[in-house]
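Enquirer: following is a predicted model, sequence given first.
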Amino acid sequence: APALFTGAMWLLWVALFKEKVKRRLLAWAGFALSLAASLVTYEASRGAWLALPILAVYLFAINRRERLPQFIIALILSTSLALPHLLNPAAWGRTGTLSVTLNEALMGNVMPLLNNVNEAFGALFVEGEPFVVYNIPERPVLDGISGLVFVCGVLVCLWRWRQPAYAFALLWFGAGFAPAAAIGAFTMMLHAITAQAVVMVLVAIGAQAAIEIAATQGEVHLRGLRRSLRRQAWLCVGVDLSAANVWWVLALFVIFTAFINFNDYFYKWADALDTRAAYFANFRGVTDFLRKTDYKGSLTLSSPFPNLPHDPFVVDMRLFRDNLDLRWFDAREALVFPQTEKSLLVLQNNTPPDPFFASYLPMSERKRYVVRTDDVDPYFDTVIWNPQATLAKMLEDKSVTKLNVPISFDGAVELVAHSVSASTAKGGTPNPVAVKVITFWRILDPSQLGERASINYSVEAKMFLHLVDASGNWVAGDDRLHAPAWNWRRGDVFAQIHRLQIPS
């Protein structure tokens, strides 16, 4: 998103203001395509887009109307290209997080919005974003010196607002930073992502202004110093405060800042335990193991995010093997039984098998692989198991009721067995009852759920379990499916656990 939007802005500038451009039409086309791509890529670009119609109005108001019609046409074209995506409600999934404070402000309560604005600017200058996924907590985007130069750049733009370059820098920053200002410090780095480039532009404008001032003052002081040196012939050393030397000071500052940033983000942040946990370093260890192992054939993989696109997409991007037949599930709530007598089962530390499943798996034969001893999830286990033999033993368990006639659900799956157990929570009055229901399903025809894309990532399903009283009124329920439907294979069986909390 930041690369596409910044590229669009550069091409816009070339097409709109460069006097000698051989192929201006290509610049306009590049602007339209890059902007459309950024609008499709991420919602933050749609907030930054608001700077463009405001820029058109601004250019009209200050009588800079040359090529303004071409600009408006290109803007309409780019927006039209993205419109089919923008009209899809699913394309606005994150926008709801922005609407809460804005709706309250429209109703007259502006304090939540003002608090978020204060937090967002605090993350830029003072405390930083608290979410470890996007930033070192409490580390601001700009250090004290850069922040001061940034403010200087904003003041310069305000002073020179009649010049389009400076006015547009302010418009771009305002529109790009607006989503972060509405949401506050949390996830600020993500919501202000299209403002990244212009933040550096404003710092550069401030630095340029400082250089101009220093160079001007330096020349004044230098002339006075030279007059003084003429009176003291024995003194042959002078101080040059010219613009060139100020540039050297700035270059050293940039190098120093680059070193600090590189160390903070590529070493300190990347190696922090919270960061490794947030980005599932344990799962990377699993994929490294699967790339190197000689094993081939059936693979049953327990993962915290077996649904799309998350962990399956990571495997597609990192594994590069076509001799592993994967089945995905989260062993805390589900277990898949492929139609085979041998399968490699991978159990991550953060998805331990439910005790019922573990009691039938050959856990004593598991091998443990340590990713890093001090990680939040330090290891994963592997074990060779027999899915069909394990399933047969589970179905013979006294707690499991097999159905004489399986119940078909629209020809997609059929219910073959179930188990119900209950326990009363200790303490408190009245005591709620915890009910655990395990259902066993045979997959008949996954295509009954709908069309599948070529990458098998198009089908999702949930299973809901509802408890009703004698009058049919809903008492408790649990909707979940941890053996994802996109991965269903005809003939496989899976077990799914549902849990209910029932009031006394």
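Expert: Here it is on my side, so go on.
Enquirer: could you give the mean pLDDT of the helix or strand where Arg284 lies?
Expert: Here Arg284, judged by DSSP states H and E, is contained in helix 281-292. For helix 281-292, mean pLDDT is 94.
Enquirer: now that helix, how far from the chain's geometric center?
Expert: 21 Å (C-alpha atoms, centre = their mean, to the nearest Å).
Enquirer: which strands or helices does that helix pack on?
Expert: helix 310-318, strand 343-348, strand 379-385 (3 or more C-beta pairs under 8 Å, 6 or more residues apart in numbering; DSSP states H and E). From N, CA and C alone the C-beta is placed, and that goes for glycine too.
Enquirer: quick check: which of those is buried the most?
Expert: Greatest average neighbour count among these goes to strand 343-348 (a mean of 23), per mean count of other C-beta atoms under 10 Å.
Enquirer: about what we covered before: check which element follows the helix holding Arg284 along the chain.
Expert: Following helix 281-292 in sequence order, the next helix or strand is strand 297-302 (DSSP H and E).
Enquirer: remind me which helix or strand the closest residue to Leu250 other than its chain neighbours belongs to.
Expert: Once flanking residues are discounted, Leu250 sits nearest to Ala207: 5.8 Å by C-beta to C-beta, 6 or more residues apart in numbering. According to DSSP H and E, Ala207 maps onto helix 196-231.
Enquirer: ok, for Thr95, nearest residue in space, not its chain neighbours?
Expert: Nearest to Thr95 is Glu43, by C-beta to C-beta, 6+ apart, at 5.9 Å.
Enquirer: can you give me the pLDDT of the one you found?
Expert: Looking at Glu43, the pLDDT reads 85.
Enquirer: got a list of what it touches?
Expert: Listed by C-beta atoms under 8 Å, 6 or more residues apart in numbering, the contact set of Glu43 reads 91-95, 179.
Enquirer: and for Asp445?
Expert: Shown in contact with Asp445 (C-beta under 8 Å, 6+ apart): 411-412, 490.
Enquirer: quick one: distance of stretch 132-146 to the chain centre.
Expert: Worked out by C-alpha atoms, centre = their mean, stretch 132-146 lies 18 Å from the chain centre.
Enquirer: buried set for it?
Expert: Buried residues in stretch 132-146, counted by 16 or more other C-beta atoms under 10 Å: 132, 134-136, 139-143, 146.
Enquirer: pretty sure Arg318 sits against Arg291.
Expert: Yes: look at Arg318 against Arg291 with C-beta atoms under 8 Å: they come within range, at 7.1 Å.
Enquirer: let me know the closest of the buried residues of stretch 132-146 to Asn404.
Expert: Here the nearest of those to Asn404, counting by C-beta to C-beta, is Val132; it sits at 53.3 Å.
Enquirer: helix, strand, or coil at the closest one?
Expert: Classification of Val132 using DSSP: H, G, I helix; E, B strand; the rest coil returns coil.
Enquirer: wait, it sits on Asp274?
Expert: Yes: taking contacts as C-beta under 8 Å, Val132 lies within contact range of Asp274: 4.6 Å.
Enquirer: returning to that earlier point: out of the contacts of Asp445, which end up buried?
Expert: If we count by 16+ other C-beta under 10 Å, the contacts of Asp445 have these buried: Ala412.
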